[in-house]
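Curious how this folds, go ahead:
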Amino acid sequence: MAARKARLSDIAEIALALPEVVEEENGGRPAYVVRKKSFLHFREPRPDAVDAQTGERMQDVIMVRVADQNDKEALVDGDGPWFTTPHFDGYNAVLVREQDLGRLTRAELAEVITDAWATRAPAKLVTEYFGA
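Next comes the predicted model:
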């Protein structure tokens, strides 16, 4: 059986299943927060993310935190849909377009979102969640 492709609705389902996560609004777009720290949010169109085909600002960019620059490079340099822009140089986050989520499996998306949550959640909560 083939792994199911990720869908937009998976983001909220995965994020909200993690301990102490709430959905907030960030400029009219969803943001997922643990103890007042955002780990994933839908970005507003910005000049640093322009569609190469249309020249228009991307309307569907999602920002996801990563643990460090090594994790960022691994995602961006891999075969997946992850990318970055100069605006995010030195910042521990990757970007993905909603339209490209189907290039990931639901399991891959869940792993990245869970790792993003772990970068912002208190260490004790992360330890309890992973049972370490």
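
drop to CA atoms for contacts and neighbour counts, all remaining ones
Fine.

And the nearest residue to A110 once chain neighbours are set aside, how far from L104?
The spatial neighbour of A110 that comes closest, neighbours along the chain excluded (Cα to Cα, 6 or more residues apart in numbering), is I14 at 6.1 Å. Per Cα to Cα, to the nearest Å, I14 is found 14 Å from L104.

what's the single longest helix in this protein?
The single longest helix within the chain, with elements called by DSSP state H, is helix 106-120.

Quick check: buried residues in that one?
With burial defined by 16 or more other Cα atoms under 10 Å, the residues of helix 106-120 counted as buried are 106, 109-110, 112-120.

Kindly format the C-alpha coordinates of that helix as PDB.
Output in PDB follows, covering the C-alpha atoms of helix 106-120 (Å, rounded to 0.1, in the frame of the first residue of the first chain):
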ATOM      1  CA  ARG A 106       1.500  12.500   5.500                       C
ATOM      2  CA  ALA A 107       4.200  10.700   7.600                       C
ATOM      3  CA  GLU A 108       7.000  13.000   6.200                       C
ATOM      4  CA  LEU A 109       4.900  16.100   7.000                       C
ATOM      5  CA  ALA A 110       4.100  14.800  10.500                       C
ATOM      6  CA  GLU A 111       7.800  14.300  11.200                       C
ATOM      7  CA  VAL A 112       8.700  17.800  10.100                       C
ATOM      8  CA  ILE A 113       5.800  19.400  12.100                       C
ATOM      9  CA  THR A 114       6.600  17.300  15.200                       C
ATOM     10  CA  ASP A 115      10.300  18.300  15.000                       C
ATOM     11  CA  ALA A 116       9.200  22.000  14.600                       C
ATOM     12  CA  TRP A 117       7.000  21.700  17.700                       C
ATOM     13  CA  ALA A 118      10.000  20.200  19.600                       C
ATOM     14  CA  THR A 119      12.100  23.300  18.800                       C
ATOM     15  CA  ARG A 120       9.700  25.600  20.600                       C
END
